[in-house]
Structure formats: C-alpha cells, structure tokens
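J.: with the sequence up front, the predicted model follows.
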Amino acid sequence: MSNEEIRRVERLVNAEILANLPTQSRVMTIEEAQKTGAMMLFGEKYGDQVRVLDIGSSCELCGGTHVSRTGDIGFFTIVAEGGVAAGVRRVEALAGENALACVQAMETTLGGVAGTLKVVRSVDPHSAQRPARPGAPPERELAGLKGKLASAQGDDLASKAGTPRGSRYLQRAWQAPMPRPLRETLDKQGQAQERSHRAGQQQ
C-alpha cells in the first residue's frame with residue numbers, strides 16, 4: 001500500500017468513528033448470516049450459530065466487541081501493513097489512547113528532526129526545504145562565497161600576467177564552480193589588465 005492508500009484507509013475508519021454510530025450484535029444461523037452479506041474470513045471455521053456484528057458501515061461475523069458506539073474507539077492510526085496472500089493486505093493499527101501516544105511520539109521525533117535541520121515543523125513536507133530563520137537560503141549563501149572566491153582568484157591571476165615580446169598575456173587553467181563566478185573572474189581579470197595598460201601608457 002502506498003502512503004496515500006494508508007492515509008485513505010485511516011480517513012475512512014476515523015470518519016466512521018466520528019459518526020459515533022451505535023453497534024448492534026445479532027445471533028443467527030450461519031445460513032442467515034450469509035444472506036445478510038456479513039463478511040466471513042476465509043479459512044475460519046464457524047458453528048451452526050454465529051454472532052453478526054453491525055458497526056458503522058461494516059457487517060461481519062465477530063466473537064465480541066468492547067464498544068457500544070463507534071465513537072468509543074476514540075482514534076485510529078495504522079502502524080504497519082503487509083501482504084498475507086495474493087491481493088490481500090493485512091494492516092496493524094492502534095486505537096484510543098495507544099493511538100494518541102503513538103502519534104505524540106512521532107510528533108516529538110519530528111520536532112527533534114526539524115530542530116536539527118533548522119526548518120519549520122509543519123504538515124507541509126515542502127516546508128522542510130525552507131529555512132526556519134529569516135535570511136538567504138544556504139544555496140544562495142554558498143553561491144555568494146563561490147563568487148567572492150572567483151573574484152579573488154581574478155585579482156591573483158591578473159598580477160601574474162607575463163609580457164613576452166612586448167605582448168601582455170595570461171594563461172591559467174582552473175575549475176570554475178559555476179558559470180556566473182567564472183564570468184565574474186574573467187571580468188575582474190579584464191578590468192585589472194585594462195587598468196595596468198592605461199597606467200603604462202601614462203608613463
């Protein structure tokens with residue numbers, strides 16, 4: 001089951017719980033139970049007399065129930081699921097106070113992770129990509145630092161330019177972290193060479 005399918009099952013069950021409908025149990029013969037359309041588990045053995053339970057929109061054979069209304073269940077959450085046969089899934093869930101304790105534990109864990117990542121804790125998963133405090137995102141800060149490094153490299157390269165046969169040239173190979181810092185480096189280098197050329201003419 002996908003996460004969306006699990007959430008859909010939880011919504012369906014919790015909707016039945018919130019409706020707070022009364023439960024009803026009836027004892028009848030197995031033949032009568034089959035006519036009602038009550039759900040019977042494959043492989044289970046039933047006697048001549050069975051107990052049919054109506055709870056919410058569900059009608060099934062059940063040995064017993066502990067609630068008189070669906071609202072008595074309180075809250076429902078799935079904690080695990082898996083396949084038991086071809087086309088058949090088995091879910092494990094918690095209800096009532098146990099379900100609440102499980103969700104609160106997950107909330108505590110989520111809060112700890114959000115604090116470590118310095119993001120805003122939210123039901124929106126995309127919010128984890130946004131910083132919790134105002135300011136530039138880490139990617140923008142990193143780009144700025146790379147730009148400053150490229151600019152500094154330009155100054156250093158310009159100071160090492162050679163002048164064989166009266167022609168000023170500069171040859172150097174390096175890896176630019178991204179196109180923009182590379183352009184800034186070349187611009188910086190060109191400006192430095194232009195200033196040096198003008199200074200030579202004035203002399």
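T.: Perfect, thanks for sending it.

J.: ok, and what's touching the longest strand seen in the chain?
T.: Secondary structure of the chain per DSSP state E: the longest strand is strand 76-85. For strand 76-85, contacts defined as C-beta atoms under 8 Å, 6 or more residues apart in numbering pick out 1, 6, 9-10, 13-14, 17, 89-95, 99, 102-103. C-beta: built from backbone N, CA, C; applies to glycine.

J.: kindly recompute the last result at 10 Å.
T.: 1, 5-7, 9-14, 16-17, 42-43, 89-96, 98-100, 102-103, 106 (C-beta atoms under 10 Å, 6 or more residues apart in numbering).

J.: then stretch 95-113?
T.: 10, 13-14, 17, 67, 72-79, 93-94, 119, 121-123, 128.

J.: try 6 Å this time
T.: 73-77, 94, 121 (C-beta atoms under 6 Å, 6 or more residues apart in numbering).

J.: now, the contacts of strand 76-85 that are in strands?
T.: Reading strands off the contacts of strand 76-85 with DSSP E, I get 89-95.

J.: looking at the chain, which helix or strand does the model trust least?
T.: Lowest on mean pLDDT, DSSP states H and E among the helices and strands of the chain sits helix 138-158, with a mean of 63.

J.: quick one: the helices in the chain?
T.: Remark: helices assigned in the chain by DSSP state H are 3-19, 30-36, 96-117, 138-158, 179-202.

J.: count of residues packed around Glu97?
T.: Look at Glu97: counted by other C-beta atoms under 10 Å, it has 10 neighbours.

J.: Ala85 too?
T.: With other C-beta under 10 Å as criterion, Ala85 counts 9.

J.: again with the one 5 residues further on
T.: Residue neighbour count, defined by other C-beta under 10 Å, stands at 10 for Arg90.

J.: next: Val91.
T.: Close neighbours of Val91, defined as other C-beta under 10 Å, add up to 14.

J.: any weak-confidence spans in this structure?
T.: Across the chain, the ranges flagged by pLDDT under 70 are 42-43, 121-186, 188-190, 192-193, 196-197, 199-203.

J.: so what are the domain limits for it?
T.: Domains of the chain are assigned by automatic domain parsing as 3-96, 144-202.
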